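Student: How does the following fold in three dimensions:
(chains A and B)
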Protein chains: 2
Amino acid sequence: MKPITNIPTLEDIQRVHEAIKPYIHRTPVLSSKSINAIAGCEIYFKCENFQKVGAFKMRGASSAVLALSETERQKGIATHSSGNHAQAVALSAKLQSIPAYIVMPENAPIIKFNATKGYGATIFRSGNTITEREEKLNEVLTKTDATFLHPYNNYDIIAGQATASKELHEDIEDLEVILAPIGGGGLMSGTALYTHYTKPHVTILGAEPKNVDDAFRSFHSGKVEINETINTIADGLRTNLGNYTLEVIRKHVEDIITVEEEEIINAMRLIWERMKIIVEPSSAVPFAAVLQQKERFQGKKIGIIITGGNVDVERLPF
Amino acid sequence: MKPITNIPTLEDIQRVHEAIKPYIHRTPVLSSKSINAIAGCEIYFKCENFQKVGAFKMRGASSAVLALSETERQKGIATHSSGNHAQAVALSAKLQSIPAYIVMPENAPIIKFNATKGYGATIFRSGNTITEREEKLNEVLTKTDATFLHPYNNYDIIAGQATASKELHEDIEDLEVILAPIGGGGLMSGTALYTHYTKPHVTILGAEPKNVDDAFRSFHSGKVEINETINTIADGLRTNLGNYTLEVIRKHVEDIITVEEEEIINAMRLIWERMKIIVEPSSAVPFAAVLQQKERFQGKKIGIIITGGNVDVERLPF
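Tutor: This is a model prediction of the structure:
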């Protein structure tokens, strides 16, 4: 597959979807009468917690690996991540038989470290700061000549993440609103693009923890804003936007709703208890936004992308 | 529907299945590559945690309510339960517009109390011992003239519980082994009957916590044995068999495997972490049995009934 060098078109997303199908699951869309009764609207959850590696990141990583040239494939791919992106890159590389080099900070959860190692990636440990992670990554890149896979500021990745909303729209045809959480903005950008191309009347919204509201501020200021703390339970949403994702989000997202930590925990708990599925805190952020603004969503038919289900069951917020 | 007065036949089960369809969900059958890799066999989980009220009990209760006469319907139904049966009876009664009277012990979890109340049942509190519960129930029966719905020693209930395995066999045609956990034996009896009638070559196994191994002992002694403690995390499996369920289990179940508490917790955790679904401890008992005896199940195609997903997320064993 040729790499995507500009904002992905509808054809790009369709082509990527066909190409990554052998490497991903088509995840189910679930709904719950009791959740709908609580929210006062009709919610369809696209369950990427059932995706390979337990998160939507598998879509983007598979897409990016497919876009490598033959020379690049031989040299392999590298990234730094403490979480789902690490596992997705490692498994995509394994499934496509290319080497993967992952820099993981010392504070990465042991379960994610083991999973990444289990997929056969070569792991390098680094310090926890972003500077230390990037320094180690640069060392690795110099040594291996591998291709760096940015977790979100990459059009192949964005096109891959877009396929979750593609499947959701295919399964539930007449959604009125679609919501995704915003971390680096890869999922949000992909969701916004596909929805804009195929369902122009659907309202596209983002949701973000108030404690890391960089996307909200970037959305309004027009430049990439930085989080001063990463003090949120939604560990997948601590990163800032990139210039690629900011551009798409500014163009196609109508609004970004920010939610408090306790709203996230409450929404997560409702999903666990009522739907009997395990979702990570980041996944609960859009549902928390719906519950915060019930009147705005009253009676509407809403799609929400559940990002993943990788949580440490020994350290729950309940 | 006429009440079933003897061991349910295949026709009884088929008729009950058609009749209860408007009141139950057809739940999904899930499998996981990573679970299969760990177990060394191919496991298909029938996910009754996604059933209405979060448990298979909804099947039996719906069946039993449909078997009431018009006079009985007017007077309503009564039972005592601290758990899933209470909710199932309450919701079945609500959906079929008849009164329900539920005796719940003081130690019933508040979440189950609220759910049962939310379905519109009239609730009576009792002491926690079985004697206190039965005394209160008898009071209620005298006052209301309602029909008592035994949670498992009842052929309409058994035929209803059988429909879970019916759907599983319909979805996965060539299972070699089927496993269910044993509490009072309603689910196990139904599973054994339907499997015996339609898939006579499938091995039918039960699984039970070693700490409450009444079914294991009853299976071997031929009479209903009593548990001396109820010291197991699998709270749905603390009850003893009844004479109806013992007869069916002795006739059609090949073997009962008992498992330790830590095996249950380990199996439950694997299902949570690998499959991203919430299952109650009772649900994990058959999977624990498979993990205990890997050689016995090596390479086999196995069906397991997941009983439910009603757990208190604030009191997990991990």
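Student: In this structure A:Ile278 contacts B:Ile271, no?
Tutor: No: using CB atoms under 8 Å, A:Ile278 is not in contact with B:Ile271, being 9.8 Å away. C-beta: built from backbone N, CA, C; applies to glycine.
Student: what's the overlap in contacts for these two?
Tutor: B:Ile277 (CB atoms under 8 Å, 6 or more residues apart in numbering or on different chains).
Student: which outside residues touch stretch A:66-74?
Tutor: For stretch A:66-74, contacts defined as CB under 8 Å, 6+ apart pick out A:1-4, A:16, A:19-20, A:65, A:77, A:96, A:98, A:147, A:156.
Student: So which bits of the helix or strand hosting A:Ile249 are buried?
Tutor: If you go by DSSP states H and E, A:Ile249 is part of helix A:243-252. With burial defined by 16 or more other CB atoms under 10 Å in any protein chain shown, the residues of helix A:243-252 counted as buried are A:Tyr244, A:Thr245, A:Leu246, A:Val248, A:Ile249, A:His252.
Student: can you pull out the strands in chain A?
Tutor: A:29-30, A:42-47, A:77-80, A:100-105, A:122-126, A:147-148, A:177-181, A:203-209, A:255-259, A:301-306 (DSSP state E).
Student: In a markdown table, list those strands along with mean pLDDT.
Tutor: Output for these, formatted as a markdown table (pLDDT from 0 to 100):
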| stretch | mean pLDDT |
| --- | --- |
| strand A:29-30 | 96 |
| strand A:42-47 | 98 |
| strand A:77-80 | 96 |
| strand A:100-105 | 95 |
| strand A:122-126 | 96 |
| strand A:147-148 | 97 |
| strand A:177-181 | 98 |
| strand A:203-209 | 98 |
| strand A:255-259 | 98 |
| strand A:301-306 | 98 |
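Student: Can you lay out these as TSV showing distance to chain B?
Tutor: Formatted as TSV, these follow (distance: least, CB to the nearest CB, whole Å):
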stretch	distance to chain B
strand A:29-30	8
strand A:42-47	8
strand A:77-80	22
strand A:100-105	19
strand A:122-126	19
strand A:147-148	28
strand A:177-181	17
strand A:203-209	21
strand A:255-259	20
strand A:301-306	10
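Student: For the residue most central in space within chain A, give its distance to chain B.
Tutor: Centroid check for chain A by CA atoms, centre = their mean gives A:Leu187 as the closest residue, at 4.6 Å. The gap separating A:Leu187 from chain B is 18 Å, by CB to the nearest CB, to the nearest Å.
Student: Which pLDDT value belongs to the closest residue to that residue other than its chain neighbours?
Tutor: Closest residue to A:Leu187 apart from its sequence neighbours, by CB to CB, 6 or more residues apart in numbering or on different chains: A:Gln161 at 4.6 Å. Predicted confidence (pLDDT) for A:Gln161: 98.
Student: quick one: A:Gln161 and A:Arg59 touch, right?
Tutor: Yes: A:Gln161 is within contact range of A:Arg59, at 5.6 Å (criterion: CB under 8 Å).
Student: tell me what the helix-or-strand element of chain A with minimal mean pLDDT is packed against?
Tutor: Every helix and strand in chain A was compared by mean pLDDT, DSSP states H and E; the lowest is helix A:110-118, with a mean of 88. Judged by 3 or more CB pairs under 8 Å, 6 or more residues apart in numbering or on different chains; DSSP states H and E, helix A:110-118 is in contact with helix A:84-95, strand A:100-105, strand A:122-126.
Student: Any idea which of the ones you listed gets closest to B:Asp235?
Tutor: Closest of the helices and strands packed on helix A:110-118 to B:Asp235 is helix A:84-95, at 33.6 Å (criterion: CB to CB).
Student: Where does the stretch 51-200 of chain A get nearest to chain B, residue-wise?
Tutor: Residue of the stretch 51-200 of chain A nearest chain B, by CB to the nearest CB: A:Gly54 (6.2 Å).
Student: pLDDT score for that residue?
Tutor: The model's pLDDT for A:Gly54 equals 96.
Student: how close does it get to A:Ala88?
Tutor: Distance, A:Gly54 to A:Ala88, by CB to CB, to the nearest Å: 9 Å.
Student: And A:Ile110, by the same measure?
Tutor: Distance of A:Ile110 to A:Ala88, given as CB to CB: 18 Å.
Student: Which one of those two is surrounded by more residues?
Tutor: For A:Ile110 and A:Ala88, the more surrounded residue by other CB atoms under 10 Å in any protein chain shown is A:Ala88, and the numbers stand at 34 against 8.
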